[in-house]
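Asks: I would like to see how this sequence folds:
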Amino acid sequence: MSQLFAAFLFEAKRVFMSTSIFHQYEQALRLLEEHEVMASPAEVHGVLCGLLCGGVSGDKNAWQSEINDLLNDGFALPAPVRHWLETLYGATWHALSEQNQLELLLPEEDEPLDERLECLADWVQSFLAGFAVMQQDLAKASEELREMITDLSNITQLDADFEEDDENEASFIVLYEHAKLGVMMAFEEFGQPLRPKTPHTLH
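Replies: You can find the predicted model right below:
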């Protein structure tokens with residue numbers, strides 16, 4: 001791992017820990033709308049997680065090229081959006097590698113339940129799209145992960161017309177945690193965890 005990239009990851013971790021970029025949905029939404037990116041924060045983060053869980057290279061040119069293809073017809077995203085994406089990428093990769101603290105970038109819990117469920121379905125759909133770009137042959141996946149992919153596909157088909165009550169709120173939390181578990185499983189099988197290179201010994 002280069003010193004420059006290691007420094008970037010350290011900064012991404014610092015930003016993640018201090019401001020929790022996963023809980024900045026409205027800020028991300030305004031950024032994307034301002035720069036006319038035709039995707040929601042949920043869709044962007046879902047694609048990003050799918051690429052990471054599918055084993056995309058840590059090289060910035062590689063993963064940004066895939067993002068551009070999936071979200072912007074192959075064109076480079078505006079610089080402020082790229083800067084935000086780089087921070088989101090670093091925080092997400094770190095959380096996946098540590099198997100800890102990953103959150104899905106969705107509207108906050110005080111937003112209407114039907115909106116959060118719709119965004120969860122969009123997140124999962126985008127995750128599956130990003131994952132499929134990197135892993136087109138699911139025969140390589142374990143049986144447990146293949147079953148989980150089916151479960152995730154089912155989430156995308158749910159009716160978002162939920163009443164606001166405690167039972168449905170609890171159901172949403174179960175779906176959210178199940179989706180997060182599927183992401184972790186996929187990353188464990190195909191992702192590239194952070195592994196600093198062993199320094200060379202000078203003789």
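Asks: distance of residue 177 from residue 134?
Replies: 24 Å (CB to CB, to the nearest Å). Any C-beta I mention is one placed from the backbone N, CA and C, and that applies to glycine too.
Asks: compare those two (neighbour count), which wins?
Replies: Neighbour count, other CB atoms under 10 Å: between residue 177 and residue 134, residue 134 has more, with 19 against 11.
Asks: quick check: chain neighbours aside, which residue is closest to that one?
Replies: residue 54 (2.6 Å; CB to CB, 6 or more residues apart in numbering).
Asks: can you report how many residues lie near the one you found?
Replies: 22.
Asks: show the contacting residues for the most centrally placed residue in the chain.
Replies: Closest residue to the average C-alpha location of the chain: residue 49 at 2.9 Å, with CA atoms, centre = their mean. Residue 49 makes contact with 92, 96, 104, 127, 130, 183 under the criterion CB atoms under 8 Å, 6 or more residues apart in numbering.
Asks: could you rerun that using 6 Å?
Replies: 127, 183 (CB atoms under 6 Å, 6 or more residues apart in numbering).
Asks: how near is it to residue 187?
Replies: In terms of CB to CB, residue 49 sits 8 Å off from residue 187.
Asks: for residue 157, same thing?
Replies: On the measure of CB to CB, residue 157 and residue 187 end up 24 Å apart.
Asks: over to residue 142?
Replies: With CB to CB as the criterion, residue 142 and residue 187 are 13 Å apart.
Asks: the two: who's more crowded?
Replies: Comparing residue 142 with residue 187 by neighbour count (other CB under 10 Å), the higher total belongs to residue 187, at 24 against 12.
Asks: tell me which element that one falls in.
Replies: For residue 187, the element it lies in under DSSP states H and E is helix 166-190.
Asks: now residue 163
Replies: Using DSSP H and E, no helix or strand contains residue 163.
Asks: leaving out the residues flanking it, which one is nearest to it?
Replies: Once flanking residues are discounted, residue 163 sits nearest to residue 113: 7.8 Å by CB to CB, 6+ apart.
Asks: where in this structure is pLDDT low?
Replies: Counting by pLDDT under 70, the chain has low-confidence residues at 1-19, 160-162, 195-203.
Asks: returning to that earlier point: next up, the contacts around the residue nearest to residue 134.
Replies: 131, 134, 135, 190.
Asks: tally of neighbours for the first one?
Replies: Spelled out, it's residue 131. With other CB under 10 Å as criterion, residue 131 counts 29.
Asks: tell me who's in contact with it.
Replies: Here residue 131 is in contact with 50, 53, 54 (CB under 6 Å, 6+ apart).
Asks: the second one contacts residue 188, doesn't it?
Replies: No: no contact is recorded between residue 53 and residue 188 when judged using CB atoms under 6 Å, the distance being 8.7 Å.
Asks: tell me which of the two has more neighbours.
Replies: Neighbour comparison, residue 53 and residue 188: the larger count goes to residue 53, with 27 against 14 (by other CB under 10 Å).
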